[in-house]
Each structure stands twice: as C-alpha cells, then as structure tokens.
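Trainee: give me a model of this one.
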Amino acid sequence: MDTTEQQDLSRPELYLNRELSLLQFNRRVLEQARDDRTPLLERLKFLCISSTNLDEFFEIRVAGLKQQVALGTVPSGSDNLTPQQILDQISQQAHQLVDEQYRVLNAELIPALEEESIRFLRRGQWSEAQAQWIRDFFERELLPVLSPLGLDPAHPFPRILNKSLNFIVSLEGKDAFGRSSGIAIVQAPRSLPRLIRLPAEETGAGPYDFVFLSSVIHAYVDDLFPGMTVTGCYQFRVTRNSDLFVDEEEIDDLMRAMEGELLSRRYGDAVRLEVADNCTPEMANFLLDQFNLGQDDLYQVNGPVNLNRLFAIADLVERPDLKYPPFKPARPPQLAPEVNIFEAIQAQEILLHHPFESFAPVIDFVRQAASDPQVLAIKQTLYRTGPDSAIVNALVEAARAGKEVTVVVELRARFDEEANIQLANRLQEAGAHVVYGVVGYKTHAKMILITRREGRRLRHYVHLGTGNYHARTARLYTDYGFLTCDKAIGEDVHRIFQQLTSLGKVKSLRKLLQSPFTLHKALLKKIAREAEHARAGRRARIIAKMNALIEPQVIRALYAASQAGVKIDLIIRGICCLRPGIAGVSDNIQVRSVVGRFLEHTRVFYFRNGGEEEIYLSSADWMDRNFFRRVETAFPVGNPKLRRRIVKEGLELYLQDNTQAWLLKADGSYRRLHPTRRQPPRSAQATLLELRAHPA
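Mentor: Residues are numbered from 1 along each chain as shown. Predicted coordinates:
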C-alpha cells in the first residue's frame, strides 16, 4: 500500500465513532424487547439488559469523555471528533434511547404482562386490603431501616451511592426542633427489595401482583416526617465514574492498591442524573447543582429509575411458557464423564462450541488433572470465573494435593475486581502460586496448561478458549474451547506462561499469535496476503467474527483489501468503526450483527489463502487494547474436520441468518433482516440448538 493510498484511507469520514456505535448496539438489544417472537419474560430481560448496558456505558465511556473534556484533550479517534462533540451526540441519542426504553416498558411490555396476570400495581389500584398489607409491610420492614435526612447547615447534602435508589422530598412546616429547610433526602438501602410481591391469600391479589418499593415509600413518606407536610416526593438515581485508576509504576502491591480503589468507586464523579418525570424543575436543578451536572446530564423517566431491578421478575414468576425453553448442552461422546480425558485428547483434538455443547468437559479437564497422580503441574489464566467456581475448587484441590499450581489472576477485570481478589486469596491459602500478570497489560488470554508424566517423557495438554472460565456465562455466551496435546501448541502456551510469571524474555512462538507482540502484525500480513491473491486473479476471501472492530490500521488494511477485490464478511456483535458499502473503498465489505438469545462472543478469523485455508480462534477482538495493551492469544485450528465445522457452524450459519441479524449501513445505522418468500426464516442460534443441544 503506497503512502498516498494510506493517507486516503485515513480520512475521518471513513470511520464511525466507537461510542455512538456502542449506543447502536444497545438499540439492537432493546429491539429484542419489542420482538413478539421472543417469549414475554425474555423480552423484559432484554429491556433490563439494555438498561444495564447503558449504565456501564455512562460509568466508563461517558465518564472517560468527561475527563477528557476537563483536561482539554484533542481528538484522538480516527473520526476526528472532539470529546465534547461526542458527548453532545451521545446526549441526544441516549435521551432518545431512554425515552424508547420507557415507552417499550409502559406501552408494550406492561400491557402484555397484564394479559398474562403479571401486574405492577400503582397506588391508585390498591384495594383496601392491599393498602393495609402494604402499610403493615412499610411499618414492619421499611420504617426501621429508612433514615430521612433534612438538609440544613448541620446536615449537608449526603454522599449518594452510585446507582442507588433515593428520594428528594419537599416539605412545609417545622420539625420538633423548629427547623424548616424545606428539603429532605431519603436513601433506600440496597438490602431492600425493589419489587414486592403481594400475597394473594391476605390481599386478594392475583397470582403475580407486585408493587414497586418506590410506590410504597411514596405512599407513606409522610410517616417519616411527623408534624410536617410533604408537598412532593421524587425518586432519583445518580450514575458515577466507575473506572479504576491504579498507577502501576508507583505501587508495590497491586492487590492492596486495587482494594483501595474499589472503595472509592462507589463515590466517583457524577456523570448522569435520573429523576422521575414528575419531578419539578426546581428540585431537578437543585440535584444537578449538588452533583455538578448540566441539563444534558438529566434524564427524566416515566417509571422506576432503575429498570435493571425488573430482572427479578423472571425468577419470581413461575411461567415456563413465557421463557425460553430449557435445553441440555450436548456432550461429545469421547468426553463422557467416565472417560479419561487425557486419553481422549491423545486420540484426537476436540472442539467445544458453547453453550450448545457442555462446559463440563473443561471442568473435568482440571478436576481429572487435580486427582491424576501422573499430573505434575497445572497452569491457568483466570479473567472472570463467577462465585463458587468449580474450576477454582479443582485448582484448590490440586494445590492441596501437592501439585504445582500456578494461576495468573487478572485483578483488573472490570466489575469483577473484588471477586478476583477473593479468589486470589483463596488460591494462595491453598498453596497455589498466584501472579497478577504483567504491569501495564491485562491478561485476557484463556489458557490451561497441564503437564503430565507419561513413561519417560512429559506431555503438555492444553485448553485454549475464546471465552472466560465461567460456568454460568458458558450457558449464556457463544464461545469455542479447544483441547489438544499438539507439541508445538503446548510449547507455545508453556512459553507464554513463562513470560507471564518470570521477568525474562522467551523464544518466539511456533503456532500461536500473541498480543502485544505478533497478533496485530500477523493479521495485517494475512489481510494484505488476501489482497495480493485478489490482484493476481485468485479467489480471495476474509470472514471474521468478533465482538468489536475499532483498530484503525486493521480497518485501513480491510479497506485496501476491499479495493483489491477481496470479498469480506464481518460478523461483529457490538462496536464497528468501519463503514461498509462506500464506493471505491468498502464496496466488497459487508458487516452484520447477530443479537439473540445468547450473547455472541466467539472470535473466529478465516482467510482463504489461495485455497490453503487458515482459521484462527482467539480471545482478542480487533481493538487497540487487545492488540497493544493486553496479553491475548490467537490459535490455529489445523484439523480439516474441525476447520470445516467452524466454517459451517461459526460462520456460514451466521451469514445466512435472517431473523436475528442486522446489516450495518454506511451511515452507521443498522437494518434488520427479515425472512421472505424466497428466503425462509433462518436463525443461527436456533439451528445450533437443534444441531447440538437437546431439550432439558
């Protein structure tokens, strides 16, 4: 690629903004809440997920942009937008998104739920018996734990916990001490349930009648201020900067520093204020002043300020007909529970496609290693594992049994930091060697290395994956796991662990690509190689599936390949900064996103390579952080049978999907695909469930 072409492909108008692209993903998630082909309680879950995603978006992305504005940061993205320009567009689009969330809740989901006798009763709907039961509940469960705070010089505005439920109350009259500030704050403890189910036998309620905690507090807030008159009560919620900052070059103990940062996360700088839509302008402005926020940061909502808490309904309502049908993940016969997993891997390399195939063999891999007298050492990376992890339990047992256990725990896995600190302490207490990766680089690679004595030799057994060692998300996310005893791969993984635990350099890898060293350069070469094939008149093809595409050099390489005639299909769940379909630049690139029952999480990179196909699975998305600030791996799948399976199940099915797929347009918006007479309904996830899993 010559300099002129390079410069041409760097034009800002060729790139979409990553933050706005992420908001587009949230729109696609919210659209699932509107899809009447999805079971009703699952639609409610999608609404909650879109709300949770938006919370994190403000906590991390918006918070970071606000810091950049405060520091006077100049544009740094390929789109050349300033942080303030991005914030202005975010405010416009996020307000529209929030308005749509509450419209979907009030106009579509609540009426549909009522038809199924699942009701959220407002105060005006309470019968006399229900009102009496709710008052008793208030006096018994709420009154003893609520602490109203009248504001005056001795009682300044309190510190408000991130994303907590609060009420601002306007008052008339004087309290017992003659004070009259006119304003009080009521904070709802997080231990209180946000949804309260009414008992049918005591209240005459239906089988699934609920009241919101906010409604109960609104109804009886007067009891908190005896002798005074409540003239207004409005719920509010503040979102704070939740990103952690640890200067790793200035600290001696990363774990201790992280523990200190976790305490401060709850009270970071405010970035968003949500209030009830009936909140008076005076009260809303008072709150904005307290949190040092502007009008663009105010979100007035018609409903509970925290939609996430509606997630509890799915567990409280026993209506299987309103949920996805349960399924039992398939288990490859060669990995039956009674099978010696090491002999099975010796016989053939094994590919697991979660959640359609069980995660249990991965747990068995570590469990059998823990109890096998021939196993000498176990090494593993842990990024996210979940509470009471079976894999962590097996590692603990292995360490107690005297095996050499080394675990690389990533303490900086966002929002899992506290859990990872706890599991690191537990592993250390059991005698495992625990390290926290490399200063300045998150360890995001998913690797298990088991060293086993077999006769006079030592053999490495390896598990490599695209997703975390987390049994729960293995039933919710699509991911690949790969089990092998290939000598070269085993030696490569061994070298990476040496790199992570020692301070010395290691030899170059034979088969694996690794960030931050070889992955980025190798991908650029492979993309350029496809372009050369196309220029030589040979068929050239790239298919890549991932969560996000942001890194500008890779995007420019894809543009150049498209110009050369390479047919490129990108299956990108979330953020995509590449603009497809631009004449003369990206005519040959199509980008689609699939949003369905399972969170798409696999990373698959396919290169036709002149007929000598190459397929890599990876822990890495095509983002700056994955290429340059993380330890990641991409591993080749050499077995032809497994390669064909990955192409069919992991790529072709998704390219044929016309029920849960969206096509990205050049302007950054997405168009949902729909079946036609010529193209009957096709769903990749549904097909894979039929192919691999079984009804539970």
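Trainee: residue ranges with poor pLDDT in the stretch 401-550 of the chain?
Mentor: The model of the stretch 401-550 of the chain has pLDDT under 70 over residues 412-417, 503.
Trainee: 80 instead, please
Mentor: Along the stretch 401-550 of the chain, the model assigns pLDDT under 80 to residues 411-421, 437, 439, 503-507.
Trainee: let me see the ranges of the strands in it.
Mentor: Along the stretch 401-550 of the chain, counting by DSSP state E, counting those that start in this stretch, strands occupy 404-409, 433-435, 442-443, 446-454, 457-465, 477-484, 513-515, 541-546.
Trainee: now the strands for the stretch 201-350 of the chain?
Mentor: Counting by DSSP E, counting those that start in this stretch, the strands of the stretch 201-350 of the chain are 208-212, 229-240, 270-276, 298-301, 327-328, 350-354.
Trainee: what about stretch 643-651, average pLDDT?
Mentor: What stretch 643-651 shows for mean pLDDT is 97.
Trainee: can you give me how far that stretch is from the chain middle?
Mentor: Counting by C-alpha atoms, centre = their mean, to the nearest Å, stretch 643-651 is centred 25 Å from the centre of its parent chain.
Trainee: and it, C-alpha only, in PDB?
Mentor: The C-alpha trace of stretch 643-651 is given here as PDB (Å, rounded to 0.1, in the frame of the first residue of the first chain):
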ATOM      1  CA  ARG A 643     -12.000 -26.300  10.400                       C
ATOM      2  CA  ARG A 644     -15.000 -27.300   8.200                       C
ATOM      3  CA  ARG A 645     -17.100 -27.500  11.300                       C
ATOM      4  CA  ILE A 646     -16.100 -24.000  12.400                       C
ATOM      5  CA  VAL A 647     -16.800 -22.600   8.900                       C
ATOM      6  CA  LYS A 648     -20.200 -24.200   8.800                       C
ATOM      7  CA  GLU A 649     -21.400 -23.600  12.400                       C
ATOM      8  CA  GLY A 650     -19.500 -20.500  13.400                       C
ATOM      9  CA  LEU A 651     -19.500 -18.500  10.100                       C
END
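Trainee: give me the contact list for it.
Mentor: Residues outside stretch 643-651 that contact it (C-beta atoms under 8 Å, 6 or more residues apart in numbering): 351, 353, 480, 543, 545, 569, 571, 602, 604, 606, 613, 615, 617, 637, 688, 691. In this view, the C-beta of every residue, glycine as well, is placed from N, C-alpha and C.
Trainee: could I get the buried residue list for it?
Mentor: For stretch 643-651, a neighbour-count test (16 or more other C-beta atoms under 10 Å) marks R643, I646, V647, E649, G650, L651 as buried.
Trainee: what of stretch 76-92?
Mentor: Neighbour-count burial for stretch 76-92 [16+ other C-beta under 10 Å]: G77, S78, D79, L81, T82, P83, I86, L87, I90, S91.
Trainee: how close does the fifth one sit to L65?
Mentor: Just to be clear, that refers to T82. As judged by C-beta to C-beta, to the nearest Å, T82 and L65 stand 10 Å apart.
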